[in-house]
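Enquirer: starting from these lines, generate the structure:
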Amino acid sequence: MRRFFVPEGVLNDTRVVLSKEVAHHVKTVLRLRQGADVLLCDGQGQCCHGQIETLSSNRCSVIVIKQWFEEETALPIELIQALPAADKFDLVLQKNTELGVVKFQPTLTQRCQFSVPANKLGRKIERWQRIINEAARQSGRGWLPQVEAPLPLKQVLSQCQAQLKLILWEQAEQPMKAILPSTTPESVAVVIGPEGGLTATEIALAREYGFIPVGLGPRILRTETAGFTLAAILQFHYGDLNLIPKRDDAVV
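Expert: Here you go, the predicted model:
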């Protein structure tokens, strides 16, 4: 079944009206028809099997047939990403959503090349969230990650409450394997620097707030690939990448 996200709370009703954007996608892009089965999720684990009742280019109503709750199986990872230039952050959002990251906190560091006028930042964040929504839909997630507004690095570090705090640094004195705990942490935060890397001052600041510098071997990874490399390792070690795949008909 095709999967779509709906606002929280609407699945309590027996009939759900999808947004105009989703209705257009259902009819024009996917070419679904009246009576087709769909899977609706509210991004907080509540899901339902529904059937399209009415369908036009800007309106789609769905009859709820069955409801259930999907537990989140991924390790809770907060990705603190120094904003890269151009649209590289789009790839960061997409791939890390597929890998189970639960929160994206873009941050501004000394060597960031990211620049967006304040009056356009709101639309930028809305676009980022749409990228996340589509990646979550495509990858079959029942939980929807959130992206926060960009903040200065010091503020982000000081506010982080994760149990395990890692910061990726090419000059780290120990590999990640050497510092990973034997028991699964309740939550993990990962800091990824920008194209030019993090400064020694920023690394020292991160240490003050409990972040542990770690390396990923002899190669230098791009800022847009470093995060999902680390996320994949953590999800395999602690999360759900080593579980048996779901056996259902929720094909996207």
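Enquirer: distance of residue 33 from residue 164?
Expert: From residue 33 across to residue 164, the span is 48 Å (C-beta to C-beta, to the nearest Å). Yep, even glycine has a C-beta here, placed from its N, CA and C like the rest.
Enquirer: more neighbours: those two, which one.
Expert: Neighbours were counted for residue 33 and for residue 164 using other C-beta atoms under 10 Å; residue 164 has more, 21 against 10.
Enquirer: look at the nearest residue to the more buried one once chain neighbours are set aside and say how many residues are nearby.
Expert: Computed as C-beta to C-beta, 6 or more residues apart in numbering, the closest residue to residue 164 that is not its neighbour in sequence is residue 185, at 4.1 Å. Neighbour count for residue 185, taken as other C-beta under 10 Å: 17.
Enquirer: tell me which residues touch residue 185, please.
Expert: Residues in contact with residue 185 (C-beta atoms under 8 Å, 6 or more residues apart in numbering) are 75, 162-164, 238.
Enquirer: host element of it?
Expert: Residue 185 belongs to no helix or strand when assigned by DSSP states H and E.
Enquirer: now it. Its backbone dihedrals?
Expert: When quoted as degrees, to the nearest 10, the phi and psi of residue 185 stand at phi -70, psi 150.
Enquirer: gap between it and residue 214?
Expert: Residue 185 is 14 Å from residue 214, by C-beta to C-beta.
Enquirer: give me the pLDDT value at the residue nearest to residue 164.
Expert: Looking at residue 185, its pLDDT stands at 97.
Enquirer: ok, residue 7 next?
Expert: At residue 7, pLDDT is 89.
Enquirer: identify the residue spatially nearest to it, adjacent ones excluded.
Expert: residue 42 (6.9 Å).
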